[in-house]
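1. Need the 3D shape of this:
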Amino acid sequence: MSARDEGLAALMRAGYGADGAIRLLDRVEADASAVTRRAILGDDLNPSRMVLDAQAYRRLADDVLATMPDPDRWDLDGDEGWILAQYVKRLATQLTLASEFRVSLPEGLGGYGEIVVQRESTGSDRWAVTNGAVTGLQAWVYPVGWQHVARVGRDVAFAHDLDDALELAEAVAKIEGERLNARIRAHREGGAQ
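-> Okay, here's the model as predicted:
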């Protein structure tokens with residue numbers, strides 16, 4: 001008899017119906033799996049080194065190949081996997097030094113503008129989509145929009161991993177570009193009257 005079957009029998013003896021006992025066991029198993037997964041992989045705000053390395057590899061593999069003079073011709077000193085791993089390792093190390101990324105607003109009527117993806121602090125894996133201000137820093141907080149970091153707190157503002165923050169920054173750049181273009185159009189139309 002499996003441990004699950006023994007648990008099911010014990011729950012039924014304790015007065016749980018078959019459906020209730022099965023639901024409870026499913027929930028306990030799911031919770032145990034989540035705890036084990038979190039222990040191995042970390043969580044969204046604190047991913048494990050293994051997860052970070054895998055994310056870096058996936059994100060950088062094509063970029064690494066693009067930086068090679070001739071990716072089809074490898075050194076004789078190592079096989080393809082080893083050389084690619086060395087490039088990824090070097091780029092992942094360089095990535096840890098970055099404190100911010102800038103995402104340009106789409107070209108429009110208003111000229112140049114950008115959204116800043118900012119790391120919470122050195123060594124942190126928490127990022128925020130910000131307006132880049134030196135004082136009065138604002139972060140994009142879904143679904144509200146721009147909020148002062150001092151008001152909402154750093155835990156709310158710096159709630160993204162790098163991939164999610166960059167993806168959100170691209171969406172915010174489009175929103176802000178459209179908003180800026182609409183304001184300029186409205187000003188031009190109002191000024192022509």
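2. where do the strands sit along the chain?
-> 100-104, 114-119, 127-130, 138-141, 145-148 (DSSP state E).
3. Can you report the mean pLDDT over the residues of the third one?
-> Predicted confidence along strand 127-130 averages 96 (mean pLDDT).
4. Quickly compare the strands of the chain and say which is most buried.
-> By mean neighbour count, with neighbours taken as mean count of other Cβ atoms under 10 Å, strand 127-130 ranks first of the strands of the chain at a mean of 26. Quick note: C-beta positions are derived from backbone N, CA and C, even for glycine.
5. who's in contact with that one?
-> Strand 127-130 is contacted from outside by 115-120, 137-140, 149, 157-162, 164-165, 168-169, 172, using Cβ atoms under 8 Å, 6 or more residues apart in numbering.
6. swap the cut-off to 7 Å and go again
-> Contacts to strand 127-130, defined as Cβ atoms under 7 Å, 6 or more residues apart in numbering, come from residues 115-120, 137-140, 157-158, 160-162, 165, 168-169, 172.
7. Q138 reaches N131, doesn't it?
-> Yes - judged on Cβ atoms under 7 Å, Q138 makes contact with N131 at a distance of 4.7 Å.
8. Nearest to G15, out of the strands of the chain?
-> strand 138-141 (46.4 Å; Cβ to Cβ).
9. Could you measure from the residue nearest to L137 when sequence neighbours are not counted over to I115?
-> Take L137 and drop its neighbours on the chain: the residue closest to it by Cβ to Cβ, 6 or more residues apart in numbering is V149, 4.8 Å away. Separation of V149 from I115 (Cβ to Cβ, to the nearest Å): 15 Å.
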